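In: with the input below, show me the fold.
(one chain, ligands or ions: 1)
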Amino acid sequence: MTDISTPKMTARGINVFYGDKQAINDVSIDITQEDVTAFIGPSGCGKSTFLRTLNRMNDTIANARVEGQIALDGEDIYASSMDVVQLRARVGMVFQKPNPFPKSIYENVAYGPRIHGLATGKAELDQIVEKSLRRAGLWDEVKDRLAESGTALSGGQQQRLCIARAIAVNPEVILMDEPCSALDPIATAKIEELIHELRGRYAIAIVTHNMQQAARVSQRTAFFHLGTLVEYGDTSEIFTNPRETRTKDYITGRYG
Ligand SMILES: Nc1ncnc2c1ncn2[C@@H]1O[C@H](COP(=O)(O)OP(=O)(O)OP(=O)(O)O)[C@@H](O)[C@H]1O
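Out: Predicted coordinates for the structure are as follows:
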């Protein structure tokens, strides 16, 4: 059982470079188990770059380099002994544009548990698929069409399928990079509702350019500007009583 007072993830002194260009400058932050943490800030401030450090997705970008320390339950995720495939199951990710595999709805969810050896047979795999789709709020819409292609679903359904795919491998943390930016308001509301339901079961960090969304879904907010973390605290405080002028200017719409 996780002690809720202990951060699930800690980042200390993080710098990220793309070639010679520094995109993140000395960022330290805790991702807590019981909260949804929102990363906000103007375009290009480094929200996505920072989010990607939390499950080493920056490893996949040729000229990206990360300095500093990030721990998951106290374990250094950049240690050479860390199995990155395992890490990305423990710290799952949902992207801006829904990206289901061009396979059936069932296979989209079953693929991860199968390669990670989480099911001993078909019945158990079926159960994992159903549970994951239920948790992602999609089961009732797809239970009669599991063999159909995931890419035939609506955008909002595809995004919930991607969330089900992340859930299926028992993640501890879910990272969401602007998960609603390609969705209409109704699909967006469903994802926001889902984030509320998933809160507590998984530590969640979400990048959003939509301040109303950050205020609606998160309990902690981190405001980034030009690669630095300007302010990090309770969402209600950040939005009603920010300590820093730059935060205040941003949330009141003076720039961004
Ligand atoms: N693959 C890359 N190669 C080089 N520079 C990059 C790369 N990805 C991002 N950058 C740069 O790093 C900085 C931070 O970008 P990042 O995408 O993290 O910002 P962001 O706050 O998420 O922006 P947005 O809200 O527009 O997505 C920007 O200056 C961007 O141009």
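In: assign Ser81 to helix, strand or coil.
Out: Following DSSP: H, G, I helix; E, B strand; the rest coil, we place Ser81 in the coil state.
In: how many residues are close by it?
Out: By other C-beta atoms under 10 Å, the residues close to Ser81 number 6. (C-beta placed from N, C-alpha, C; glycine too.)
In: likewise the one 4 residues further on?
Out: Val85 is flanked by 8 other residues according to other C-beta under 10 Å.
In: which residue sits closest to Gln96 in space, ignoring its chain neighbours?
Out: Spatial nearest neighbour of Gln96, chain neighbours left out: Glu178 (4.4 Å); criterion: C-beta to C-beta, 6 or more residues apart in numbering.
In: list the contacts of the one you found.
Out: Applying C-beta atoms under 8 Å, 6 or more residues apart in numbering, we find Glu178 in contact with 48, 96, 207-209.
In: which one of these is nearest to the ligand?
Out: Among these, Ser48 lies closest to the ligand (C-beta to the nearest ligand atom), at 3.2 Å.
In: didn't that closest one look like it was pressed against Thr208?
Out: No - applying C-beta atoms under 8 Å, one finds Ser48 not in contact with Thr208, separated by 10.8 Å.
In: in contact with the residue in the stretch 51-200 of the chain that the ligand sits nearest to, which residues?
Out: In the stretch 51-200 of the chain, no residue comes nearer to the ligand than Ile61, which is 4.7 Å away by C-beta to the nearest ligand atom. Ile61 makes contacts with 18, 52, as judged by C-beta under 8 Å, 6+ apart.
In: the more surrounded of Ser48 and Thr208?
Out: Thr208 (24 against 19).
In: identify the residues contacting that one.
Out: 38-40, 178, 180, 214, 217.
In: what's in contact with stretch 247-256?
Out: When contacts are defined by C-beta under 8 Å, 6+ apart, stretch 247-256 is touched by residues 40-43, 211, 223, 225, 230-231, 238-239, 242.
In: from the contacts of Thr208, which single one is nearest the ligand?
Out: Ranked by distance to the ligand (C-beta to the nearest ligand atom), the contacts of Thr208 are led by Glu178 at 6.9 Å.
In: that closest one and Gln159, how far apart?
Out: 11 Å (C-beta to C-beta, to the nearest Å).
In: ditto for Asp26
Out: Applying C-beta to C-beta, the value for Asp26 to Gln159 is 33 Å.
In: please apply the same query to Arg201.
Out: Taking C-beta to C-beta as the measure, Arg201 falls 18 Å from Gln159.
In: what about the closest residue in space to Met93 that isn't next to it in sequence, which SS state?
Out: Once flanking residues are discounted, Met93 sits nearest to Leu175: 4.6 Å by C-beta to C-beta, 6+ apart. Using three-state DSSP, the structure places Leu175 in strand.
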